[in-house]
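Enquirer: Fold the following and give me the result.
(one chain, ligands or ions: 1)
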Amino acid sequence: MTDPSGRVVVVTGGSRGLGAGIVQSYLDSGDRVATCARTRTDQVDKWANDPALEGRFLFREVDLANREQSTDFVKDVIGAWDVIDILVNNAGVARDGILSLASDDDIDIVIDLNLKGTLHMCRVVGRRMLSRGSGSIVNISSIVGLSGYRGLAVYSSTKAAMDGMTRALARELGSRGITVNSVAPGYLRTEMSHGLDEGQLQQIIRRTPAGRLGEPSDIARIVQFLTAPENDYITGQVIVADGGLTA
Ligand code: NAP
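Expert: Numbers count the residues shown, from 1 in each chain. Predicted coordinates for the structure are as follows:
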């Protein structure tokens, strides 16, 4: 599965967690994958040094809250591979705590990455897709953008906004052959959920009909489905993948 003519996929925040699962899934499909994060990880080095992935993997250290760095990252991908077929806006950050006690930084850090960073990536990559008349964008939002969760007002605001962005962009870009969807995961077994203690995790599992937390591969399969050319009649949707937690 190393077709060099595979699609060009950009996955933000692919250095670990869900993003790494999505990167792996596209590499397994024979696609060319570019990803970024603020710091390199062992996983990134593993992909970068794998001779089987020669010419099919690109990583840049980028702070997506910085528009100039994000734009340069997109330019690098275009410089390497000419086009971008798929954009997965996965990078995200959460700050727990009740809003009354949140600092300006707590609010800005979350909004600057999750909301403004995603808007900027959609804008810059969207321009490229518009000029080609094809493409697919997936925004990784969250069930907390759909139901209320105490202590997550700022994070939830950004995730609900991402779903709004998805619907608006689906209308803006649909007639030009570009699909835009959100995937809203429930609780995943990644670094982001490490802040939850064992008691909280067990409570979530008890309340989840599927009886377990989500794995990155559960979500990566849905992202693949939404970005497959044969599924281009699905756009503007929020696909919830939470083991039934919000059922
Ligand atoms: P994670 O393990 O914390 O990974 C986040 C990724 O984003 C890392 O690669 C991180 O690398 C990168 N990142 C963070 N800030 C960045 C910045 N300013 N610029 C560039 N990259 C940045 O999180 P995850 O659990 O995989 O979450 C992935 C997505 O799923 C997020 O959008 C999250 O909101 C969503 N989600 C997660 C859960 C869950 O239970 N985990 C549930 C629903 C939705 P660096 O820190 O090195 O930059």
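Enquirer: Please pull out the lowest mean pLDDT helix or strand from the chain.
Expert: The least trusted helix or strand in the chain, going by mean pLDDT, DSSP states H and E, turns out to be helix 198-207, with a mean of 94.
Enquirer: just the strands in the chain please.
Expert: With strands called from DSSP state E, the chain shows them at 8-12, 32-37, 57-61, 86-89, 135-140, 178-185, 238-241.
Enquirer: Distance to Leu146 and mean neighbour count added to the ones you listed, as JSON lines?
Expert: Bear in mind the C-beta positions are built from the backbone N, C-alpha and C, glycine included. Formatted as JSON lines, the strands of the chain follow (distance: least, CB to CB, whole Å; neighbours: other CB atoms under 10 Å):
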{"stretch": "strand 8-12", "distance to Leu146": "22", "mean neighbour count": "26"}
{"stretch": "strand 32-37", "distance to Leu146": "26", "mean neighbour count": "26"}
{"stretch": "strand 57-61", "distance to Leu146": "32", "mean neighbour count": "18"}
{"stretch": "strand 86-89", "distance to Leu146": "17", "mean neighbour count": "28"}
{"stretch": "strand 135-140", "distance to Leu146": "13", "mean neighbour count": "26"}
{"stretch": "strand 178-185", "distance to Leu146": "6", "mean neighbour count": "26"}
{"stretch": "strand 238-241", "distance to Leu146": "7", "mean neighbour count": "19"}
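Enquirer: so which of those comes closest to Gly151?
Expert: The closest of the strands of the chain to Gly151 is strand 178-185. By CB to CB, the value is 18.0 Å.
Enquirer: Any residue of that closest one touching the ligand?
Expert: Yes - on the criterion CB under 6 Å from any ligand atom, strand 178-185 is in touch with the ligand at Pro185.
Enquirer: I'd like the distance from that strand to the chain centre, please.
Expert: In terms of CA atoms, centre = their mean, to the nearest Å, the centre of strand 178-185 is found 9 Å from the chain centre.
Enquirer: ditto for stretch 93-113
Expert: That offset, for stretch 93-113, works out to 19 Å (CA atoms, centre = their mean).
Enquirer: Mean pLDDT added to the strands of the chain, as TSV?
Expert: Shown next, in TSV, are the strands of the chain (pLDDT from 0 to 100):
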stretch	mean pLDDT
strand 8-12	99
strand 32-37	98
strand 57-61	98
strand 86-89	99
strand 135-140	98
strand 178-185	98
strand 238-241	98
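Enquirer: Out of those strands, which gets nearest to Ile98?
Expert: Using CB to CB, those put strand 178-185 closest to Ile98, at 22.9 Å.
Enquirer: For the protein, which residues are neighbours of the ligand?
Expert: Residues of the chain lying close to the ligand (CB under 6 Å from any ligand atom) are 13, 15-19, 36-39, 62-65, 90-93, 113, 140, 142, 185, 187-188, 190-193.
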